[in-house]
Each structure stands twice: as structure tokens, then as C-alpha cells.
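Asker: What shape does this take:
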Amino acid sequence: MTTAASPFRYLEDPFHSSLDSMEGVPDYVVSRPKSSAALGTTKWWHDILAWAGSLAPGILLALALAWVGYFISELIGRLLRYDSGKSPVSPVTIAVLLGMVLRNTIGVPKVYEEGLRLCLKTVLRLGIVILGLTLSIKALRRDVLTALPVIVCCITTALLLVTFINRALGLPKRLGTLIAIGTSICGVSAIVATAPIIEADDDETAYAVACITVFGLLALITYPFIAHQIFDTPVQAGTFLGTAIHDTSQVAGAGLAYAQQYKADAAMQAAVTVKLVRNLCMSLLIPLMAILYRRSESNGKSKSFGQKWHHAIPLFVVAFVVMACIRSLGDSGGGDKAFGLIPMGQWKLVDTNAKFFASWLLATALGAVGLGTGFARFRGLGLKPFTVAMAAAFSVGAVSVALIKLIASIVSNGSLNLH
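Answerer: Residues are numbered from 1 along each chain as shown. The predicted model follows:
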């Protein structure tokens, strides 16, 4: 019996396998071994390409959300015929909301995660550092000095109130400590830094992070509108945003939203400056809370606690101050050249370009914040931890408003009254 010949027998021939390719174009499927010397000289560049390839999807997705946010914001402004280039909705707010919708409907594949993590950390911090070039040391000092009483009172309110309510509701002491630290100082960063010190378990850490995230996102979206209605100047509004919102990314987003929506860069500058001062308080409060917690758990015997200086004072905060110093030195150089080298006309472009790049970097980071916010982790949070976080958030906001209004009324010619 004769077996029928396969109709694909010619394609199985090695000679015919080359007919489906273009002459001169390499076949990427075929493996071509390289010599060990060639591998040694190109491995570094190969690793760079692999690293860039792993980051690109997440970065591009967050950047696309930022661009879409700007586009939709401008479109809404034109449709509603808002004047002076204003829009009733900030591009950052739209980017965050779009990211949250995408995350909780379609979902974000794992391939995007590494790039999104880079946006949440490095891109955000780079945007803040560049923002330092838009501030002078004089303005930075002014914002810090006028905001210090507000910062101290807000931190004290959060620590005392959370401790009291947490004890009244019978929640674990470690969970209350994490919520207090997150509300009063630096949001998620402070919680993550404190959790291993007080030996909090994963559930307690996740609950505290979820509580802070919920109210921080609500504040990011709503506080810019509230601040514009309550306060008389952008600096007052920025001081409120910097003291009443928890996480650095959320403060930067709210400040940027206010600046974009109401054409007031001073609000974003004040918000970020005040928030960085709050961040520095981690160097004092986290060791203090750890000592108090361990003393209560060990019958009055405190344990030693060590902290590295670059954890107490984040390097990006130092870089932010350095950028402000460079800006101040360039502005005060005298004559018609900054540093005796750069014409003042060109030096002024530094401020314009810094605002442009900082805005886009922060908008990209905030797009990543939305993409990283999944509602699933809020399930099972429980009413009691939610109540503690809600009381802390609202109380800190109320104290911030009251003190800013009080200082503004006392200081007749102070920075909080600047326009």
C-alpha cells in the first residue's frame, strides 16, 4: 500500500525554510552562539536593554494616562467655555481616576508592575527634586517657618487622637501605632518603616496602609476644591494640603491639581515644601514610637533602636534643598549673568523648564498611583480600623484649617497672606 505524500514535504526541507524570509534579513528564530569574548563585552549592554524593556510598559502606560488626563481636562474646559485656560477638573485628578478604573475593571498585567513601581518611587522623587529649582531659599524658609506650628499641632493631634480611639475600640496597639504614624507624618512610607520596628504582622501593616490610602485618595481628589473655597491665598491652600494629606505622592498630586486648576504654582510649591518638612519628622517620631511601644511591651524596659542617617533624612529631600540653593545663588548673582556665566534671559528659562518637567513627572507618578490602587485589598478592612483612620484624617484636616486661619489673622503681613 502506497502512503500518500505529505503536501507540506517541501516546506520541511531545510532548503525551502529560507523561502519565507527576505533576502539579507536575519532569522531571529535561529540561535547563533557567540564566543565567550563577545558575550563578555556585550553582556552589560544586554542587561541594560533587558532592564529598560522590563520598565518600559509600566512607564509608558502611566505617561499615557497623564497625557490623556491633560487632553480630557483641556477638552472639558473648552466645552464648558472656561476662560483663562482653566478647567473645572485637574489633569492629575483625571489621570488618577482613569488609573483606578483601569486597575479595577480590566486589570493591570504583571508586565507593567516593575515600571509602575519605578514611577511611584524614582519618578515621583525626581519630579520633587526638579521642583526645587522653582523655589528660592527665601521662599522655602518662609513656607517652613509659617507652617511649623501647623505641622507640630497636626502631628500631635493625630498621635493623641488615634491612640485614644484605638484603645477605646479595643484594637491591637500595633495597628493603632501604624495608623497614627501614617496619618501624622508620611503615609505609607512611615508605616512601612515602622512596621518591622514594632514587629507588626502583615495583616496589621496591610490594614494600616489600606486605611491611609483610602482617605489619602479622597483628599487628593477633594481637598484642592475645598482649599480653594476656604483659603484666601494659594500659599494658605498649599500649607493646608501639605499638612492635612498623608502620603507624599498624594500631597504632590493635590498640590499639582490646585496649581493646574487655579493657575497658582505657589500652592504646589508650598504643599511639597511643607510635606517634606513633615517627612523629616520621621527621624524623631519613628524611633520615639518604637521606644514607647517596646517599653510598654517589656514592662518599662526600653530596647535600643538604631537608624541610619539616610533613612532619617531621605536623599531626595537633601537634593530638593540643593536645587533650591542653586536657584537662589543664580538669582542673587547680580549683574546680567547668573553665576557670571549664564545670561539672565536664559537663566529664567530654568524656572519655566523645571515647572514643565516637574509637572509631567509628577503627573506620570500620579497615574501610577491610580493604576496601583486596587479596591480588592480594602475588602474585609473592618469598620473599627476604618473609623480610627477617618477620625484621624478629619481631625488633622480641621486642626490644619483652624491654625492656618488663626495665623493668617495674627500675622498681618506674613507669608500666609501673600498673593
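Asker: Grab the nearest non-local neighbour of A271.
Answerer: G255 (3.3 Å; CB to CB, 6 or more residues apart in numbering). Just so you know, the C-beta spots here come from the backbone N, C-alpha and C atoms, and that holds for glycine as well.
Asker: C119 too?
Answerer: According to CB to CB, 6+ apart, the nearest residue to C119 is A368 (3.6 Å).
Asker: Repeat that for A208.
Answerer: Nearest non-adjacent residue to A208 (CB to CB, 6+ apart): L178, at 3.6 Å.
Asker: That neighbour and D203 touch, don't they?
Answerer: No - L178 lies out of contact with D203 (CB atoms under 8 Å); the separation is 11.1 Å.
Asker: Between these two, which has more neighbouring residues?
Answerer: L178 (29 against 11; other CB atoms under 10 Å).
Asker: Just confirm the more buried one is within a helix.
Answerer: Yes - assessed with DSSP: H, G, I helix; E, B strand; the rest coil, L178 lies in a helix.
Asker: Contacts only, for it.
Answerer: Shown in contact with L178 (CB atoms under 8 Å, 6 or more residues apart in numbering): I191, T194, A195, I198, A200, E204, T205, A208.
Asker: Buried ones among those?
Answerer: Burial by neighbour count, 16 or more other CB atoms under 10 Å: within the contacts of L178 this picks out I191, T194, A195, I198, A200, E204, T205, A208.
Asker: I130 versus the closest residue to the fifth one other than its chain neighbours, what's the distance?
Answerer: Distance criterion CB to CB, 6+ apart; nearest residue to A200, sequence neighbours excluded, is R174 at 4.4 Å. For R174, the distance to I130 (CB to CB, to the nearest Å) stands at 38 Å.
Asker: circling back to that earlier point, I'd like to know how many residues surround the residue nearest to A200.
Answerer: Neighbours of R174 using other CB under 10 Å come to 20.
Asker: do the one 5 residues further on as well
Answerer: The tally of other residues near I179 (other CB under 10 Å) stands at 29.
Asker: cool, A376 as well?
Answerer: Per other CB under 10 Å, the neighbour tally for A376 reads 8.
Asker: and it, what is it in contact with?
Answerer: A376 makes contacts with N104, as judged by CB under 8 Å, 6+ apart.
Asker: where's it relative to L362, distance?
Answerer: Distance from A376 to L362, by CB to CB: 27 Å.
Asker: same deal with V214?
Answerer: As judged by CB to CB, V214 and L362 stand 21 Å apart.
Asker: So between those two, which is more surrounded?
Answerer: The residue with more neighbours, out of V214 and L362, is L362; 28 against 18, by other CB under 10 Å.
Asker: my guess is that one meets L124, correct?
Answerer: Yes - applying CB under 8 Å, one finds L362 in contact with L124, separated by 6.8 Å.
Asker: any shared contact partners between these two?
Answerer: Residues touching both L362 and L124 by CB under 8 Å, 6+ apart: A252.
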